[in-house]
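*Asks:* one predicted model, sequence on top.
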Amino acid sequence: MSEIEHKAYQSLQKLIHYVEAEGYAGYDPYDAMNSPILRWLSFNNRWLRISFTQALRRLPWNLRPVLLINKGLNPKALGLFLSGYTRLLALFKEKETEKKIRWLFEKLGMLQSRGFSGACWGYNFPWQNRERLFPIWTPTIVNSSFVGRALIEAYQLAGNQRYLDLARSACNFILNDLKIMHETPVELCLSYTPYDDERVYNSNMLGAAFLAHVGVLTGEEPLLTSAKKMTAFVVNGQNPDGSWVYGKDKTQTWIDIHHTGFVLEALYQYKMLTNDDSLSRAIEKGLEFFVQNFFQKDGRMMSFLGKPYPVDIHSVQAIVTLVKLRAVQDHSDLLEKAVSWIIENMQHERGYFFYRQGRWFNNKIPFMRWAQAWAFHALTAYLKNLRD
């Protein structure tokens, strides 16, 4: 075992001990509206709800127990853990890991959002954007795609038809319950939730890759047709320098590391599933922009374009992107530096990864979805890459 593999493995073991001791439940950066106190103090005003959420997200002190916010199970986090445990089962073939996969599957079945055309998943907290308040468990295309992809991975490894059936059900939600925000004979963009009017590139691409994956497995041409049109919308939205802004609206022009990574991973997955070589140039340009603009020489990742601080733990998702696109261009040296940096600088001695490293101070709150689930996802992807 190489030095970096040993370091990553030891880090993962400490993280597993922490998340399993917590029962996979935890706080979230955006869970302010789970507080009955803050809900009352917001007086049903959207700007107060946004202000409370942003303040609680940025404060380095965890006031959630005082505000009566409980730890909870987040479906997206469980989906990321499911993907990670599937990789561990492929590597080590341990019976205990099989039990954890089955437990996560059953829990995800219980945490489905109800009242929609198919299986779907949201967040375990209400959240407010500029336009409206989204109730707890409002399903999103992103959450449903990540959970669906994890179910497919588990199905492909374990062969349990129930995993694929639940993933296939999620396609019904995406195609029947989300709004059509843009459609031409060759393009399609779906809304983020059943209730908003946003046109977001990363969510559309994640949904496309998921539909394509199910379509390839089940042989359903309509799924592949929708996925192709959704992919075309994303590719046509790429900037000349290879980047993507978050979305089409004038308030969504930022460029960050993890949403860029989502687009690249999903675009590459779609290409490999469909053998669509016409996408190669877009992927190559996107990956070149990604590597040149979001990584420091020592492996430290920049969360937002041109902003070296704060380093957000969600940036660890970039490790997954480099792993999955290794056949496009091999960045093994950069990967090793990034993994080492994140372990040495953002993992607490108790095993968890903390939220943010700032220029002047750190925010060491151990969020479960935003930090632990993504670190678990990244470390397992990296270790499996080394073994592969």
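*Replies:* Sure, I can see it.
*Asks:* for residue 154, which residues are in contact?
*Replies:* Contact analysis of residue 154 by C-beta atoms under 8 Å, 6 or more residues apart in numbering lists 82, 86, 101, 105, 160, 163. Glycine gets a C-beta too; all of them are placed from N, C-alpha and C.
*Asks:* doesn't it lie inside a helix?
*Replies:* Yes: counting by DSSP: H, G, I helix; E, B strand; the rest coil, residue 154 is found in a helix.
*Asks:* per-residue confidence at it?
*Replies:* With respect to pLDDT, residue 154 scores 97.
*Asks:* same check on residue 376?
*Replies:* So residue 376 comes in at 98 (pLDDT).
*Asks:* and for residue 68, the neighbour number?
*Replies:* 11 (other C-beta atoms under 10 Å).
*Asks:* and it, how far from residue 356?
*Replies:* 24 Å (C-beta to C-beta, to the nearest Å).
*Asks:* what strand or helix carries the residue lying closest to residue 262 once chain neighbours are set aside?
*Replies:* Excluding the flanking residues, the one nearest residue 262 by C-beta to C-beta, 6 or more residues apart in numbering is residue 202, at 4.1 Å. For residue 202, the host element (DSSP states H and E) is helix 201-218.
*Asks:* one more: residue 107?
*Replies:* Assigned by DSSP H and E, residue 107 belongs to helix 95-110.
*Asks:* does anything pack onto that helix? Which helices or strands?
*Replies:* When contacts are defined as 3 or more C-beta pairs under 8 Å, 6 or more residues apart in numbering; DSSP states H and E, helix 95-110 sits against helix 75-92, helix 141-158, helix 161-176.
*Asks:* dump those helices into CSV; add distance to residue 60 as well.
*Replies:* CSV is the format used below for the helices and strands packed on helix 95-110 (distance: least, C-beta to C-beta, whole Å):
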stretch, distance to residue 60
helix 75-92, 22
helix 141-158, 27
helix 161-176, 37
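*Asks:* for residue 252, find the nearest of the ones you listed.
*Replies:* The closest of the helices and strands packed on helix 95-110 to residue 252 is helix 141-158. By C-beta to C-beta, the value is 14.4 Å.
*Asks:* list the contacts of the residue nearest to residue 262.
*Replies:* Applying C-beta under 8 Å, 6+ apart to residue 202 gives the contacts 142, 244, 246, 259, 260, 262, 263, 266.
*Asks:* for the first one, which non-adjacent residue is closest in space?
*Replies:* Just to be clear, that refers to residue 142. Closest to residue 142 by C-beta to C-beta, 6+ apart is residue 203, at 4.9 Å.
*Asks:* just confirm the one you found contacts residue 140, I think it does.
*Replies:* Yes: shown here, residue 203 and residue 140 form a contact pair, counting by C-beta atoms under 8 Å, at 7.2 Å.
*Asks:* the more surrounded of these two?
*Replies:* Taking neighbours as other C-beta under 10 Å, residue 203 and residue 140 compare with residue 203 leading, 30 against 27.
*Asks:* what residue lies at the spatial centre of this structure?
*Replies:* residue 146 (6.6 Å; C-alpha atoms, centre = their mean).
*Asks:* please enumerate the strands of this protein.
*Replies:* 127-128, 133-134, 180-183, 188-190, 311-312, 356-357, 362-363 (DSSP state E).
*Asks:* identify the residue nearest residue 194 in space, chain neighbours excluded?
*Replies:* residue 177 (4.7 Å).
*Asks:* ditto for residue 241
*Replies:* Per C-beta to C-beta, 6+ apart, closest to residue 241 is residue 289, 5.7 Å.
*Asks:* for that neighbour, the count of nearby residues, please.
*Replies:* Residue 289: 20 neighbours (other C-beta under 10 Å).
*Asks:* equivalent analysis for the one 5 residues further on, please.
*Replies:* Here the number of neighbours of residue 294 (other C-beta under 10 Å) works out to 24.
*Asks:* okay, now the residue nearest to residue 133 when sequence neighbours are not counted: neighbour count?
*Replies:* Using C-beta to C-beta, 6+ apart and skipping residues adjacent in sequence, the residue nearest residue 133 is residue 126, 6.1 Å away. A total of 20 residues lie near residue 126 under the criterion other C-beta under 10 Å.
*Asks:* list the contacts for the residue nearest to the centre of the chain?
*Replies:* Contacts of residue 146 (C-beta under 8 Å, 6+ apart): 76, 79, 80, 83, 206.
*Asks:* try it again at 7 Å.
*Replies:* 76, 79, 80 (C-beta atoms under 7 Å, 6 or more residues apart in numbering).
*Asks:* the second one and residue 299: what is the separation?
*Replies:* Spelled out, that is residue 79. To residue 299, residue 79 is 27 Å away according to C-beta to C-beta.
*Asks:* so the two - more neighbours on which side?
*Replies:* residue 79 (26 against 19).
*Asks:* picking up where we left off before, show me the one of the helices and strands packed on helix 95-110 that comes nearest residue 46.
*Replies:* Of all the helices and strands packed on helix 95-110, helix 141-158 comes closest under C-beta to C-beta, at 21.9 Å.
*Asks:* can I get that closest one in PDB? Just the C-alpha atoms.
*Replies:* C-alpha atoms of helix 141-158 as PDB (Å, rounded to 0.1, in the frame of the first residue of the first chain):
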ATOM      1  CA  ILE A 141     -33.900  16.700  -9.600                       C
ATOM      2  CA  VAL A 142     -30.400  16.800  -8.000                       C
ATOM      3  CA  ASN A 143     -31.200  14.800  -5.000                       C
ATOM      4  CA  SER A 144     -33.300  12.300  -6.900                       C
ATOM      5  CA  SER A 145     -30.500  11.900  -9.500                       C
ATOM      6  CA  PHE A 146     -27.800  11.300  -6.900                       C
ATOM      7  CA  VAL A 147     -29.900   8.800  -5.000                       C
ATOM      8  CA  GLY A 148     -31.000   7.100  -8.300                       C
ATOM      9  CA  ARG A 149     -27.400   6.800  -9.400                       C
ATOM     10  CA  ALA A 150     -26.400   5.300  -6.100                       C
ATOM     11  CA  LEU A 151     -29.200   2.800  -6.400                       C
ATOM     12  CA  ILE A 152     -28.000   1.800  -9.900                       C
ATOM     13  CA  GLU A 153     -24.500   1.300  -8.600                       C
ATOM     14  CA  ALA A 154     -25.800  -0.900  -5.900                       C
ATOM     15  CA  TYR A 155     -27.900  -2.800  -8.400                       C
ATOM     16  CA  GLN A 156     -24.900  -3.400 -10.700                       C
ATOM     17  CA  LEU A 157     -22.800  -4.700  -7.900                       C
ATOM     18  CA  ALA A 158     -25.400  -6.700  -5.900                       C
END
